[in-house]
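Colleague: predicted model and sequence below, questions to follow.
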Amino acid sequence: MSRLLTRLAAILVAVGLFFTSQSLATPQRAAAADPGYLMAHFIGEGSTGQQMYLAHSADGLHWNDLNGGAPVLLSTVGTKGVRDPALVRSPGGDKYWIIATDLCIGCGQNWEGSINNGSRNLVVWESTDLVNWSQPWLLNVAGAIPDGRNAWAPEAIWNPETNDYVLYWATNKPVDGKTKHRIYYARTGDFRTISTPQIYIERPGTQEIIDTQIVELPAGVGAYRYVRASGDGQITLEGSNSILGTWTNLGNLSGIGLTGAQVEGPMWMKFRDRNEWTLYLDQYASGRGYLPVTTTDPSAPGSYKLPASGSYNMGVNKKRHGSILNLTAAEESRVLARWSDIPAKRLQSFNFQDRYVRHANFDVRIDQNITGPDAQFRLRPGLAGSGTVSFESVNYPGYFLRHSNYDFQLVRNDGTAQFAADATFRQVAGLADASWSSFQSYNHPDRYIRHYAYQLRLDPITTATGRSDATFRVTN
C-alpha cells in the first residue's frame, strides 16, 4: 500500500511539474490587480520640457502620462531645469529620492556652455510616500573633481556591502583640450553629503562615457549579480558581482543594430510577472524617445530583441532618459490617486464674465480673458476632507490656492494639517445662481471665496453684491 501511495504521489508531482513547465514556457501577463510601474522622465528641450514628469504602466510596455501630461515637479534651484532623473527607493521602502541633472538647454544655457562650464550640482527631491515631495536642493558632486566641468545623468543604487548608496554620474574632465566625460561615484546615506568622488568608469583614450545604469539580477539568471548598460559609442554591457568591484565587458547591442550613435539613456525595468527585462533606450538621434529592448538574461548580449511593431505605446509625451520603479500596491494607490488625469479647469466670475481667476507672482485675482496656464487649475479631492475640493495650479504642480489672513495666494503644499485646511473648500450651489458654484471655506464655514476689487478674498457673504462676487462657473 505504501508503495502504491508513493507511486501515485510521484505521478501527481510529475503532472504538476509538467503543467508548471508549460506555464513557464509561455509567460502570461500578471493579473490586472497586480501593481504596475512608475516612470520618472523629462520630455525634451525648453523650460517646461526639462522638468519632472511621471508616467504609469500596468504592463511595463503601454504607458499613460500622469497629471494630464503636465510636470509633477518643477526645479526652483540652480538652472531651474532638470534632465535625466533617477527615482530611488530606500531598502525599507520608507523614503524616496529623485536625483536629476541640473540643466536647462535653451533657458539661458547652450550645449557648449553646459559641457565646458555647466552646473557641478545635482538636483534632489525627497519624499516619504512618492506623492508629497520636499523642496529641491542642490548637491555639489563635481566641485571636488579637479577641472571637473559639469555633472550629468546621475544614478544611485543601494550597496549592501557598505550599507549606503553608490551615487554615480558623468563629469567632463578634458584630456589634451578635448572633451572627455567619465563616470564618477561617491557614497552617500542621505543625498545631502557625499564621500570624495572617485573615478568609476573610464574608457581608453578620448572615448567618452555619459550614461550608465545598473540592474541587480536574481540568483540563477546569468553569471553576474549586477549588469550595467552604458552609452560609450556603443551600448556596452558589463557584469560584476560587486557594485564597486571589477566589471567584465560582456559585449554590446550592435548585433541588433543599436549603437551609441543612435540611442542613449539606458533604463532598466524588470517585468514583475516573469523573468524578463526591458532595457529602454532613448532614440535621441532620431528624436523619437524611448524604445524597449527585451531580454531574459541582461548579461547575454545575444539574447536582446527589438520590439515587434505595435507591441508598446509610450503615451502622448515623449519619454526621455529616466528611471522606472516597480510599484507596490500601496504605492500605486497613492500615486494614481494623486496624479490621475484630472482635467484643467478655469473659474469664471459670475458678475464679470470676461474675467477668470488667475495667479500672478503667486498672488490671486480675476483678470480679463485669461486662457493660459496661470488661469488653469485641477480641482483635486480636498486635502483636508472628503466631499471637498482643492485647487492645484497646472503650471506650478504642488502649489494650491490657499487663504491666509483671509487673503489668497498660490502656495506650495507643505504637508501640514493647517495648509490642508486653508486650501480646502466645499463646492456648493452658486450663491447668486444655483447653476453656477460657490466655494465655502473648510475651516471657516461662515466664509466663501469671493473677489473684491478684483482680488480674491475669503469673506462672510451678507449682500447681493457679495453673493455675485462669490459665484463662479467651473469651465474649460
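Modeller: Nice, I can see it.
Colleague: pull out the buried positions in stretch 150-168.
Modeller: By neighbour count, with 16 or more other C-beta atoms under 10 Å as the criterion, the buried positions of stretch 150-168 are 150-157, 164-168. Bear in mind the C-beta positions are built from the backbone N, C-alpha and C, glycine included.
Colleague: could those residues go into JSON lines alongside secondary structure?
Modeller: Output for these, formatted as JSON lines (DSSP: H, G, I helix; E, B strand; the rest coil):
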{"residue": "Asn150", "secondary structure": "coil"}
{"residue": "Ala151", "secondary structure": "coil"}
{"residue": "Trp152", "secondary structure": "strand"}
{"residue": "Ala153", "secondary structure": "strand"}
{"residue": "Pro154", "secondary structure": "strand"}
{"residue": "Glu155", "secondary structure": "strand"}
{"residue": "Ala156", "secondary structure": "strand"}
{"residue": "Ile157", "secondary structure": "strand"}
{"residue": "Asp164", "secondary structure": "strand"}
{"residue": "Tyr165", "secondary structure": "strand"}
{"residue": "Val166", "secondary structure": "strand"}
{"residue": "Leu167", "secondary structure": "strand"}
{"residue": "Tyr168", "secondary structure": "strand"}
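Colleague: relative to Trp97, which of those is nearest.
Modeller: Out of these, the one with the shortest distance to Trp97 is Ala156. That distance is 7.4 Å, counting by C-beta to C-beta.
Colleague: that closest one touches Ser90, doesn't it?
Modeller: No: judged on C-beta atoms under 8 Å, Ala156 makes no contact with Ser90 at a distance of 10.7 Å.
Colleague: confidence score at Ala337?
Modeller: As summarised for this prediction, Ala337 has a pLDDT of 88.
Colleague: please, where are all the helices along the protein?
Modeller: 2-25, 46-49, 111-117, 329-339, 417-422, 464-469 (DSSP state H).
Colleague: what about dumping the CA coordinates of the fifth one to PDB?
Modeller: Extracted as PDB, the C-alpha positions of helix 417-422 are listed here (Å, rounded to 0.1, in the frame of the first residue of the first chain):
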ATOM      1  CA  ALA A 417      -2.800  70.000   8.600                       C
ATOM      2  CA  GLN A 418      -3.000  73.800   8.700                       C
ATOM      3  CA  PHE A 419      -2.200  74.100   5.000                       C
ATOM      4  CA  ALA A 420      -4.600  71.400   4.100                       C
ATOM      5  CA  ALA A 421      -7.400  73.100   5.900                       C
ATOM      6  CA  ASP A 422      -6.600  76.500   4.500                       C
END
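Colleague: domain map for the chain?
Modeller: Under automatic domain parsing, the residue ranges defining each domain of the chain are 37-339, 346-475.
Colleague: for the shortest one, measure first residue to last.
Modeller: If I follow you right, that is domain 346-475. Looking at domain 346-475, the gap from its leading to its trailing residue is 5 Å under the measure C-alpha to C-alpha, to the nearest Å.
Colleague: now the strands for the stretch 1-150 of the chain?
Modeller: Secondary structure of the stretch 1-150 of the chain, counting by DSSP state E, counting those that start in this stretch: strands at 37-42, 53-57, 63-65, 82-89, 96-102, 121-127, 137-140.
Colleague: can you redo these as JSON lines with distance to Arg457?
Modeller: JSON lines is the format used below for the strands of the stretch 1-150 of the chain (distance: least, C-beta to C-beta, whole Å):
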{"stretch": "strand 37-42", "distance to Arg457": "38"}
{"stretch": "strand 53-57", "distance to Arg457": "34"}
{"stretch": "strand 63-65", "distance to Arg457": "36"}
{"stretch": "strand 82-89", "distance to Arg457": "36"}
{"stretch": "strand 96-102", "distance to Arg457": "36"}
{"stretch": "strand 121-127", "distance to Arg457": "33"}
{"stretch": "strand 137-140", "distance to Arg457": "34"}
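Colleague: burial count for Thr371?
Modeller: Thr371 has 11 neighbouring residues, counting by other C-beta atoms under 10 Å.
Colleague: got any ranges where this structure has weak pLDDT?
Modeller: Judged by pLDDT under 70, the chain has its weakly predicted residues at 1-33.
Colleague: what about the closest residue in space to Thr328 that isn't next to it in sequence, how many neighbours?
Modeller: Of all residues beyond its chain neighbours, the one nearest Thr328 is Pro35 (5.9 Å), with distances taken as C-beta to C-beta, 6 or more residues apart in numbering. If you count neighbours by other C-beta under 10 Å, Pro35 ends up with 19.
Colleague: isn't Pro35 right next to Leu336, touching?
Modeller: No: using C-beta under 8 Å, Pro35 is not in contact with Leu336; the gap is 9.8 Å.
Colleague: can you measure across stretch 327-345, start residue to end residue?
Modeller: Stretch 327-345 has an end-to-end distance of 30 Å (C-alpha to C-alpha).
Colleague: what's the answer for stretch 83-97, then?
Modeller: With C-alpha to C-alpha applied, stretch 83-97 spans 15 Å between its terminal residues.
Colleague: now it: buried residues?
Modeller: Under the neighbour-count criterion of 16+ other C-beta under 10 Å, stretch 83-97 has Arg83, Asp84, Pro85, Ala86, Leu87, Val88, Arg89, Tyr96, Trp97 buried.
Colleague: next: stretch 71-86.
Modeller: By neighbour count, and taking 16+ other C-beta under 10 Å as the criterion, the buried residues in stretch 71-86 are 71-75, 78-86.
Colleague: from start to finish, how long is stretch 413-431 in a straight line?
Modeller: End-to-end distance for stretch 413-431: 29 Å, by C-alpha to C-alpha.
Colleague: now swap in stretch 60-73 and tell me
Modeller: Using C-alpha to C-alpha, the end-to-end distance of stretch 60-73 comes out at 23 Å.
Colleague: and it, how far from the chain's centre?
Modeller: With C-alpha atoms, centre = their mean, to the nearest Å as the basis, stretch 60-73 stands 9 Å off its chain's centre.
Colleague: one more: stretch 427-441?
Modeller: On the basis of C-alpha atoms, centre = their mean, the separation between the geometric centre of stretch 427-441 and that of its chain is 36 Å.
Colleague: list the contacts of that stretch.
Modeller: Here stretch 427-441 makes contact (C-beta atoms under 8 Å, 6 or more residues apart in numbering) with 350-351, 379, 388-389, 403, 425-426, 447-449, 458, 461, 464, 466-468, 470-474.
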